[in-house]
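Visitor: Predicted coordinates and the sequence they were generated for:
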Amino acid sequence: DEQHEIREEWPDEYDDEGNLVRAAGSAVVQEAAPAGDRYSLRPSELAWFVLRGLAQRQESLEARVAALEAQ
């Protein structure tokens, strides 16, 4: 997802005697970033994906063997 710039802003700060302690300003907390086009999987997620593919293949082979044995 696109990330927008996040800025922290603050007003002038004065001590009890009225002396300027910190001038008003702002700082970037998070820089803007465009949306990415890369996706990734955790190793465990990839393992489940591969395992499901193998299970589907096994089911398909068992169905084919059953059909041949029925002839």
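Guide: Happy to help now that I have it. Residues are numbered from 1 along each chain as shown.

Visitor: my guess is residue 1 meets residue 35, correct?
Guide: Yes - using C-beta atoms under 8 Å, residue 1 is in contact with residue 35, at 5.8 Å. Yep, even glycine has a C-beta here, placed from its N, CA and C like the rest.

Visitor: What ranges does the chain have for its strands?
Guide: 6-10, 13-14, 20-22, 25-30 (DSSP state E).

Visitor: and the last one with strand 6-10, angle?
Guide: In this case it means strand 25-30. Between the axis of strand 25-30 and that of strand 6-10 there is an angle of 160 degrees, by axes from the mean of the first three to the mean of the last three C-alpha atoms, to 10 degrees.

Visitor: What helices and strands are in contact with strand 25-30?
Guide: The contact analysis (3 or more C-beta pairs under 8 Å, 6 or more residues apart in numbering; DSSP states H and E) places strand 25-30 against strand 6-10.

Visitor: what lines up beside the strand it packs on in the sheet?
Guide: Here strand 6-10 has these sheet partners by DSSP bridges: strand 25-30 (antiparallel).

Visitor: and the strand it pairs with, average pLDDT?
Guide: Strand 25-30 shows a mean pLDDT of 94.
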